[in-house]
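> generate a structure from the sequence data that follows.
(chains A, B, C and D)
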2 protein chains.
Amino acid sequence: MNAEKIPDIIISRLPVYLRALQHMADNGLKTTSSQELGEHVGISAAQIRKDISQFGEFGKQGTGYSIEYLLDKLREILKVDRRWDVIIVGAGDIGHALARYQGFANRGFNVVMIFDKDKSKVGQKIGEFTIEDTANLIEKVKAADIKIAMLTIPAPAAQEIADKLVQAGVKAILNYAPINLNVPKNVKVQYIDPATHLQRMTYYL
Amino acid sequence: MNAEKIPDIIISRLPVYLRALQHMADNGLKTTSSQELGEHVGISAAQIRKDISQFGEFGKQGTGYSIEYLLDKLREILKVDRRWDVIIVGAGDIGHALARYQGFANRGFNVVMIFDKDKSKVGQKIGEFTIEDTANLIEKVKAADIKIAMLTIPAPAAQEIADKLVQAGVKAILNYAPINLNVPKNVKVQYIDPATHLQRMTYYL
DNA sequence: TAGATTGTTAATCGATTAACAATC
DNA sequence: TAGATTGTTAATCGATTAACAATC
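Predicted coordinates:
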């Protein structure tokens, strides 16, 4: 892995490659080519080769890429060759869905706590988790050294909670609240808002 | 609105502007500038002016943009100046969350049906909806002339259902299944996968 | 009028693609 | 060896930014 700055647009494609390769591995495939991978993910073969080559020479002329080897390398690059503890803030419908989601474990994540500010929810169980009070958020997150949070609360409270997460040392926020968050630039935010995603498609209808 | 082809990257920013403007309007603001809007959404003022100017001259020198007017124009451009009927396929946790989500109505969408293939779920209620059998998907979607679907089923079944949606005339799919879908190129797909979004951030941790 | 801000042009910057030597 | 496919270069294409005349 070289020291140059890699553009974010390249980083954003790596998880897509990772997922497709995992899928191939699950189907028992051993090797693939930039051509084949490109067809799977809808990206040109040239771009895939260029993206991957930013980090090293992981392929072999004539035969392509070993799927297991490339998986290992991509996981290493994306730092999901380990397990990250993640919290959920907001025990509504989406918080519940995420708490029960089985897809995190084999992709590098481990939900460890779920918070809500509603006192009537605090103490209730969601699967193995007991809902904790948002009042204790900063303290608990600091103590457990959590770096990643998923925010599933209504928009009006989102900025305030984001500030608390930042204060507690969180560096990556997956925001389901339909609002832009202001955070220091060393904190990353990804947005998931179904209405926004739908509006990106209606233009073409 | 001119006839030239507008790049998708510009289209993808419009819903973000729309949401921020809606937020400003809700707070009683009447006008804004490219500068102010840019600060809200984290995009440069020059780019916002350039994006908006692709579609017409909606601002005034010296005073900026009328929020209501720009909202109207953006809604028109994105075709959310109307209400689109939308279906949900998959009555699991995410399907339930989307069925109950209150944020669609004022952003151009109206959930009208929810499907599941599990016979033990079919007939059950989610709020006002009765879960319908996926076996009747094509027929019902065609009859109601639905163009937009949200797919919230496990990955292994997603491609098969996507094929049915396409066959039924759906032109936009919001896919929550962690898998790439192959669809004709006149059908749009947007992907929501929390693990992929998280992996886009771990690189920077 | 003076100040502010647009819409647009030209310059810069960055990303994608095509092509091919290297080599497995 | 012959065929296939990488990694990389150069060319192309597209997006962003800076700057400013126009004008509200």
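> could you use CA atoms for every contact and neighbour count after this?
OK.
> neighbours around residue A:46, how many?
11 (other C-alpha atoms under 10 Å in any protein chain shown).
> apart from its chain neighbours, what residue comes closest to residue A:147?
residue A:170 (4.2 Å; C-alpha to C-alpha, 6 or more residues apart in numbering or on different chains).
> what strand or helix carries residue A:197?
Element membership for residue A:197, per DSSP states H and E: helix A:194-202.
> so what touches that helix?
Helix A:194-202 has contacts (C-alpha atoms under 8 Å, 6 or more residues apart in numbering or on different chains) with B:11-12, B:14-16, B:19, B:78-80, B:103-104, B:107, B:109, B:172, B:174, B:188-190.
> briefly note if it comes near DNA strand D.
No. Judged by C-alpha under 7 Å from any atom of the strand, helix A:194-202 stays clear of DNA strand D, getting no closer than 14.9 Å.
> now find how far off-centre that helix is within its chain.
Put simply, helix A:194-202 sits 20 Å off its chain's centre (C-alpha atoms, centre = their mean, to the nearest Å).
> contact partners for the residue positioned nearest the centre of chain A?
The centroid of chain A falls nearest to residue A:174 when counting by C-alpha atoms, centre = their mean (7.2 Å). By C-alpha under 8 Å, 6+ apart, residue A:174 lies in contact with A:148, A:149, A:150, A:151, A:189, A:190, A:191, A:192, B:194, B:197, B:198.
> pLDDT wise, what is it at?
Residue A:174 is assigned 98 on the pLDDT scale.
> hmm, the residue nearest to residue A:147 is touching residue A:149, no?
Yes. Between residue A:170 and residue A:149 there is a contact at 6.9 Å, judged by C-alpha atoms under 8 Å.
> state which one residue of chain A is found closest to DNA strand C.
residue A:62 (3.6 Å; C-alpha to the nearest atom of the strand).
> look at that residue and report its pLDDT.
95.
> give me the neighbour count for it.
Neighbours of residue A:62 (other C-alpha under 10 Å): 7.
> coming back round to it: just the buried residues from the contacts of residue A:174, in ChimeraX please.
This is how ChimeraX selects the buried members of the contacts of residue A:174, with burial counted by 16 or more other C-alpha atoms under 10 Å in any protein chain shown:
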select /A:148,149,150,151,189,190,191,192 /B:194,197,198
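> pull the most distant pair out of the contacts of residue A:174.
Greatest spatial distance among the contacts of residue A:174 (C-alpha to C-alpha): A:148 and A:192, at 15.2 Å.
> what about the residue of chain A closest to DNA strand C, which helix or strand?
Going by DSSP H and E, residue A:62 is not in any helix or strand.
> what distance do you get for it to chain B?
Going from residue A:62 to chain B by C-alpha to the nearest C-alpha, to the nearest Å gives 27 Å.
> how about that residue, what does it touch?
No contacts exist for residue A:62 under C-alpha under 8 Å, 6+ apart.
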